[in-house]
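Student: Requesting a structural model of the entry that follows:
(one chain, ligands or ions: 1)
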Amino acid sequence: MEYPWGHLKRYNDYSSYIKRTFGERVQKVSVNAGFTCPNRDGTKGVGGCAFCNNSTFNPAYCGPELTVVGQIDKGISFFRTKYQTQKYLAYFQAYTNTYGELEDLLNKYQEALSHPKVTGIVLGTRPDCISDDLLKVLSEWREEYYVAIELGAESTQNNTLKEINRGHTWEETMDATCRIAASNIPVGMHLILGLPGERREDLLNHARKISQLPVNFLKTHQLQIVKGSRYGDEFESHPDHFHLYSAEEFIDLIVDFLEILNPSIVMERFISQAPHDLLVAPKWGMKNFEFVAKVEKRLLERDTWQGKNYSESGII
Ligand code: SF4
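Tutor: Take a look at the predicted model:
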């Protein structure tokens with residue numbers, strides 16, 4: 001059976017989306033442009049989000065001591081040995097990549113786009129750092145380049161956002177998502193499944209709420225406790241405050257989540273892997289491709305697929 005996304009996989013996967021968009025494989029290469037974050041510099045808060053140690057976002061090949069082009073070159077030489085890829089997207093990943101003076105932001109993005117192998121940019125950011133001035137420029141650039149924005153939503157519940165010291169609300173996430181989409185810029189969303197206080201049903205409600213928004217692609221990941229974060233300290237003294245999913249439990253959760261997710265949303269990732277030396281728990285010891293294979297197997301066993309129980313009203 002061919003699914004609404006035009007192939008036989010039981011979910012709307014990101015690598016097929018990339019091939020549909022570019023006609024070939026395109027690799028993301030991470031860039032740390034040296035920006036900061038309003039939840040660390042005091043503008044929104046200090047200390048950052050409870051789960052965050054930003055070192056977990058940075059591959060070894062990128063660091064702000066190198067220029068943007070220098071980091072891209074290093075990233076390309078890293079990937080060249082693994083994949084036959086000719087095109088790259090510069091992924092501004094560390095911290096908040098739309099937070100700063102407009103001119104400075106644009107200069108950094110332009111530097112990435114000046115690289116001959118870079119065909120577009122993806123900007124990771126917070127929903128409360130998206131100005132209309134920036135959207136106007138990026139929307140014009142879209143005529144020439146691929147430009148996408150990836151929002152860290154993390155949860156759709158305001159009580160959770162407060163508990164993790166996120167410094168923005170779900171309403172701000174909805175507003176930013178709609179403004180980005182209205183500017184004709186693809187919008188991605190990032191969600192952590194398993195934050196303290198959220199029951200399984202709350203996690204499935206995330207899928208229902210996100211399905212009502214013009215989200216193009218979605219990344220989920222399990223809550224990971226990492227050293228150097230507030231949760232890293234709390235876990236040491238009160239591990240019972242956290243429900244950390246086993247890999248098996250998380251596979252079933254993802255399958256249930258997919259069943260109610262809007263089939264038009266591309267799933268970019270299910271899990272994340274913090275660097276070994278920073279990860280406290282859970283230690284699944286499973287690579288991303290292994291997890292994906294298990295999700296595909298479970299979808300087959302249950303004879304289900306993304307959007308099978310999706311309802312446009314959000315109520316099932
Ligand atoms: S997760 Fe993002 S917004 Fe939160 S503290 Fe870390 S860099 Fe800042």
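Student: in this protein, which segments are predicted with low confidence?
Tutor: 55-62, 314-316 (pLDDT under 70).
Student: what about the helices in the protein?
Tutor: Using DSSP state H, the helices of the chain run over 14-22, 68-80, 102-113, 132-141, 158-163, 170-182, 200-210, 230-237, 247-260, 288-301.
Student: Between the ones you listed, which one is closest to the ligand.
Tutor: helix 230-237 (9.8 Å; Cβ to the nearest ligand atom). C-beta: built from backbone N, CA, C; applies to glycine.
Student: Which residues are in contact with the spatially most central residue of the chain?
Tutor: Centre of the chain computed as the mean C-alpha position; nearest residue by Cα atoms, centre = their mean is residue 190, 3.7 Å away. Going by Cβ atoms under 8 Å, 6 or more residues apart in numbering, residue 190 touches 124, 150-154, 218-221.
Student: filter those residues down to the ones near the ligand?
Tutor: The subset of the contacts of residue 190 within reach of the ligand, by Cβ under 6 Å from any ligand atom, is residue 152.
Student: count of neighbours near the residue of the stretch 51-200 of the chain found nearest the ligand?
Tutor: When scored by Cβ to the nearest ligand atom, the stretch 51-200 of the chain has residue 52 as its residue closest to the ligand, at 3.3 Å. By other Cβ atoms under 10 Å, 25 other residues sit near residue 52.
Student: What count of nearby residues applies to the residue nearest to residue 14 when sequence neighbours are not counted?
Tutor: Of all residues not flanking residue 14 in the chain, residue 268 sits nearest, at 4.1 Å (Cβ to Cβ, 6 or more residues apart in numbering). By other Cβ under 10 Å, 21 other residues sit near residue 268.
Student: Skipping adjacent residues, who's closest to the closest residue to the ligand within the stretch 201-316 of the chain in space?
Tutor: Here the stretch 201-316 of the chain gets closest to the ligand at one residue, residue 229, 8.7 Å apart by Cβ to the nearest ligand atom. Counting by Cβ to Cβ, 6+ apart, residue 53 is the residue found nearest to residue 229 once chain neighbours are left out, at 4.7 Å.
Student: just residue 217 next, same as before
Tutor: residue 266 (4.0 Å).
Student: where does the stretch 101-250 of the chain come near the ligand, residue by residue?
Tutor: Residues of the stretch 101-250 of the chain lying near the ligand (Cβ under 6 Å from any ligand atom): 126, 152.
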